[in-house]
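Engineer: Here is the input, now give the coordinates:
(chains A, B, C and D)
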2 protein chains.
Amino acid sequence: MTRRDITDLQKLGGPVVSRQRGEVISREGQPAEGFHLLLDGWVSSSVRLRNGKRLIQKLHLPGDMLGTPSLTLPSAADTLTALTEGKTSFVSEVSLRKLFASNPKLSALFFMAAQLERITLMDALASAGRSSALENMAHLLLDLHGRLGALGAVSNDSFYLPITQEMIGDILGITAVHVNRVLREMSRGGLVKFEGRTMCLLNLQKLRARSPLPIRVPRSKLPWLPGAKAVA
Amino acid sequence: MTRRDITDLQKLGGPVVSRQRGEVISREGQPAEGFHLLLDGWVSSSVRLRNGKRLIQKLHLPGDMLGTPSLTLPSAADTLTALTEGKTSFVSEVSLRKLFASNPKLSALFFMAAQLERITLMDALASAGRSSALENMAHLLLDLHGRLGALGAVSNDSFYLPITQEMIGDILGITAVHVNRVLREMSRGGLVKFEGRTMCLLNLQKLRARSPLPIRVPRSKLPWLPGAKAVA
DNA sequence: CGGACTGTTGAAATATATCAATATTTGTGG
DNA sequence: CCACAAATATTGATATATTTCAACAGTCCG
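Structural biologist: Below you'll find the predicted structure:
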C-alpha cells in the first residue's frame, strides 16, 4: 500500500470507541448502516438459531472489519460481542462510498479481503461437515495460531485464548462437554497443553497432520491491482 | 444499474465457452489468474479433504461468479465442476483491474456480492453445526427454491435438481444413505415429493418451520452506492 | 440388452449429545 | 486481601443421531 492508501484507510473510521468485555457492539435484527473496524481486542460474530442455540461464526482479531456482510441485508445477520476489552471505530456507508469513488486500489483490496473471508468460511464448512471433533479442533487451533502469529501475539507456539470451552463448542458446533473431552485427549496425546486461558501447541507437525485442511496463506502480491491514482 | 454498468459488466468476460456435464472448469491446486462468469447451467464448487472425502461448498446457478475466492490464493482452493451442460466466460485479472479503475459503482456492487456470499456461508456453517440432518435439508431446499425462483426455474414450488443424493450428502456433510432416509422421511411427512430429479416442495410453511435459519432476502436498494461516473 | 451408477432398506457400530454430579477457577463486594 | 457466589471445567453413565457395512432394486445410457 502507498502512503495515500494508508491515509485513506485511516480516514475511513469515525472516533475510536472503547469496548468492555461482554459488550454487544451490534445485534442481529437491527439495521447495519455501516461497519466497524476492530482496532484492539477480540470480538465474536454469532448467530442464534430457531432452536435457541447459538453459533459463533468467526473470532475477529485486531485489523478485521466487523459486520460487512450485514451491509447487504435489511437487518444484521449476526451479533458482534466484545470478548475482551477493545477498541473499534465505525465506518458509515457514506465513508464507504467515498472510498469506492476515490480509491480504486483500496476498493479492489476490500473486494479481495472479502474473498479471503469466504475462503476461511468455505474451509470451516468443509471441515465441519466431514471431520471428527478432534480434527476440527486442530484446524481451529492452527488457524488461531497463524492469525495471532501475524499479529505478534504468539510466543513459543503459545497464545492467550480469552474464550471458554463452551464458546469453542459454539465455534465447532459441538457441546462444551465434548470440547473438554477432546482437549484433554489432545493434551494426553502431547498435542497441546493448556492452563487457564493459555493455550500452547506442543506439536505443530502432528496438529497439521490431524487438520482436515491446510491453513491457507494468501498471495503476497496482487500485481493486477489498479494503481492508487489510476482513475479513468 | 445504469446502461453503462451493464455494458461494463458484459465487456468483462472473454469469449463464451460451452461446458459438458462433468467437465472440470478449474481444479484446486492450480493458479487462478481470473474467475468465471456462469452464464448457463449448474456448477459445483468442491474441496477434497485430507482423508479423501469431498465436500461441496456451493451450488452455483446462472449469474454467479465462480472462483473469485481463489484470486486471493497462490493456487485455487476449490474445484469447479459443471453439473449440467452450460456456458461460462472467463474474466482475467486485467479485466478486473480495469473494472475497479473505471467503474466505482460496479466495484462496490462486486464487494457487496462477496458479502452476500459470506452471509450464505455463515448461515450454512451455523446451520450445519447445530441442527439435525432434516433441518439442514429443509434449509438447503428452501435456499434452492428461492434462488431458482429468482431465475424463473420454479413452477408450483417444484424444480429440477440435477444432482444425486450422494452430492446432496456432500453439501450437507452427511452420507448418501442418510440423505435418502431423511428425504423419505420428509416425503412420508408430506413436506416434499420427488420423482427422479424433480423436487417438489409440498408444504413451504412446514419446511420453513423446520429450517434452522430463515432464507435471507438482500436489501433491494443500496442508496449509498457511488454513481457510475462519480470518480474523484 | 447389459453394466454401471443411483436409490432404498436393514442391522450393527460409533461419535457425540444429554444428563448429572463434583471440582476448580474467576470475578466481585466487603 | 479475603470470602463468597457464579461461572467454568472435569468426569461418568446413558441415550441418540448418524455412519458404516451390506444386500438388492431401479434406472439410465451407451
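
Engineer: so who does the one residue sitting closest to the centre of chain A touch?
Structural biologist: What sits nearest the mean C-alpha location of chain A, by CA atoms, centre = their mean, is residue A:60, with 3.3 Å. By CB atoms under 8 Å, 6 or more residues apart in numbering or on different chains, the residues touching residue A:60 are A:38, A:42-45, A:66, A:80. (C-beta placed from N, C-alpha, C; glycine too.)

Engineer: go on, residue A:15?
Structural biologist: Per CB under 8 Å, 6+ apart, neighbours of residue A:15: residue A:89.

Engineer: Which stretches in chain A count as helices?
Structural biologist: Along chain A, the segments classed as helices by DSSP state H run A:3-12, A:93-102, A:104-130, A:133-150, A:165-172, A:176-188, A:204-210.

Engineer: Show me what from chain A comes close to DNA strand C.
Structural biologist: Within reach of DNA strand C by CB under 7 Å from any atom of the strand, chain A has these residues: A:132-134, A:173-175, A:177-178, A:196-197.

Engineer: and with 10 Å instead?
Structural biologist: A:20-22, A:51, A:53, A:84, A:128, A:131-137, A:162, A:164, A:169, A:172-182, A:185, A:195-198 (CB under 10 Å from any atom of the strand).

Engineer: Mind putting the helices of chain A into a markdown table with mean neighbour count?
Structural biologist: Output for the helices of chain A, formatted as a markdown table (neighbours: other CB atoms under 10 Å in any protein chain shown):
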| stretch | mean neighbour count |
| --- | --- |
| helix A:3-12 | 13 |
| helix A:93-102 | 20 |
| helix A:104-130 | 23 |
| helix A:133-150 | 20 |
| helix A:165-172 | 21 |
| helix A:176-188 | 15 |
| helix A:204-210 | 15 |
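
Engineer: Out of these, the one nearest residue B:224 is which?
Structural biologist: Among the helices of chain A, the nearest to residue B:224 by CB to CB is helix A:93-102 (3.6 Å).

Engineer: helices or strands next to the closest one in the packing?
Structural biologist: helix A:3-12, strand A:34-40, helix A:104-130, helix B:104-130 (3 or more CB pairs under 8 Å, 6 or more residues apart in numbering or on different chains; DSSP states H and E).

Engineer: Nearest to DNA strand D, out of those?
Structural biologist: DNA strand D lies closest to helix A:104-130 among those, at 7.9 Å (CB to the nearest atom of the strand).

Engineer: tell me the mean pLDDT for the closest one?
Structural biologist: For helix A:104-130, the mean pLDDT works out to 95.

Engineer: Distance from stretch A:141-152 to the middle of the chain?
Structural biologist: Centroid displacement of stretch A:141-152 relative to its chain, using CA atoms, centre = their mean, to the nearest Å, is 11 Å.

Engineer: avg pLDDT for it?
Structural biologist: Mean predicted confidence for stretch A:141-152 is 96.

Engineer: touching chain B at all, it?
Structural biologist: No - judged by CB under 8 Å from any CB of the partner chain, stretch A:141-152 makes no contact with chain B; its nearest approach is 12.7 Å.

Engineer: Give me the contacts around that stretch.
Structural biologist: A:59, A:61-63, A:120, A:154, A:157, A:159, A:161, A:192, A:199, A:201, A:204, A:207-208, A:211, A:215.

Engineer: how does it look with 6 Å?
Structural biologist: The list of residues contacting stretch A:141-152 from outside it, by CB atoms under 6 Å, 6 or more residues apart in numbering or on different chains, reads A:61, A:154, A:159, A:201, A:207, A:211, A:215.

Engineer: Surely the fourth one is in contact with residue A:157?
Structural biologist: Yes - in terms of CB atoms under 6 Å, residue A:201 counts as a neighbour of residue A:157; the distance is 4.4 Å.

Engineer: Between the two, which is the more surrounded one?
Structural biologist: Taking neighbours as other CB atoms under 10 Å in any protein chain shown, residue A:201 and residue A:157 compare with residue A:201 leading, 23 against 16.

Engineer: For that one, name its beta-bridge partners.
Structural biologist: On the basis of DSSP bridges, residue A:201 is bridged to residue A:192.

Engineer: quick one: contacts for it?
Structural biologist: Contacts of residue A:201 by CB under 6 Å, 6+ apart are A:145, A:157, A:192.

Engineer: can you rerun that using 10 Å?
Structural biologist: Residue A:201 makes contacts with A:138, A:141-142, A:144-145, A:154, A:156-159, A:186, A:191-194, A:207-208, as judged by CB atoms under 10 Å, 6 or more residues apart in numbering or on different chains.

Engineer: where's the nearest residue to residue A:174 once chain neighbours are set aside relative to residue A:171, distance?
Structural biologist: In this structure, residue A:174 finds its nearest non-sequential neighbour in residue A:133, 5.1 Å apart by CB to CB, 6 or more residues apart in numbering or on different chains. Using CB to CB, to the nearest Å, residue A:133 is found at 11 Å from residue A:171.

Engineer: Now the common contact residues for the two.
Structural biologist: Joint contacts of residue A:133 and residue A:171 (CB under 10 Å, 6+ apart) are residue A:179.

Engineer: hang on, the earlier thing: and the residue nearest to the centre of chain A, how far is that from chain B?
Structural biologist: Plainly put, residue A:60 is 13 Å away from chain B if you go by CB to the nearest CB, to the nearest Å.

Engineer: The residue nearest to that residue when sequence neighbours are not counted: what's it in contact with?
Structural biologist: In this structure, residue A:60 finds its nearest non-sequential neighbour in residue A:43, 4.2 Å apart by CB to CB, 6+ apart. Applying CB under 10 Å, 6+ apart, we find residue A:43 in contact with A:19, A:23, A:25-26, A:36, A:58-62, A:64, A:66-67, A:80-84, A:86, A:88.

Engineer: which parts of chain A sit against DNA strand D?
Structural biologist: A:22, A:129-130, A:132, A:161-169, A:175-185, A:187-188, A:194-197.

Engineer: nearest residue to residue A:164 other than its sequence neighbours?
Structural biologist: Nearest non-adjacent residue to residue A:164 (CB to CB, 6+ apart): residue A:176, at 7.6 Å.

Engineer: What of residue A:165?
Structural biologist: residue A:179 (4.5 Å).

Engineer: ok, the one you found touching residue A:194?
Structural biologist: No - the pair residue A:179 / residue A:194 is not scored as a contact, 11.5 Å apart, by CB atoms under 10 Å.

Engineer: And chain B, is the helix or strand bottoming out on mean pLDDT in chain A touching that?
Structural biologist: Scoring the helices and strands of chain A by mean pLDDT, DSSP states H and E places helix A:3-12 at the bottom, with a mean of 82. No - figure legend: helix A:3-12 not in contact with chain B (CB under 10 Å from any CB of the partner chain); closest approach 10.8 Å.

Engineer: Identify all contacting residues around that helix.
Structural biologist: By CB under 10 Å, 6+ apart, the list of residues contacting helix A:3-12 reads A:1-2, A:35, A:37, A:65, A:89-92, A:95-96, A:98-99, A:102-103, A:105-106, A:109-110, A:228-229.

Engineer: per-domain residue ranges of chain A.
Structural biologist: Here the domain parsing of chain A from automatic domain parsing is A:3-123, A:132-210.

Engineer: re earlier: for residue A:201 and residue A:157, list the residues in contact with both.
Structural biologist: A:145, A:192-193, A:207.

Engineer: Before I go, just wanted to say thanks for your time.
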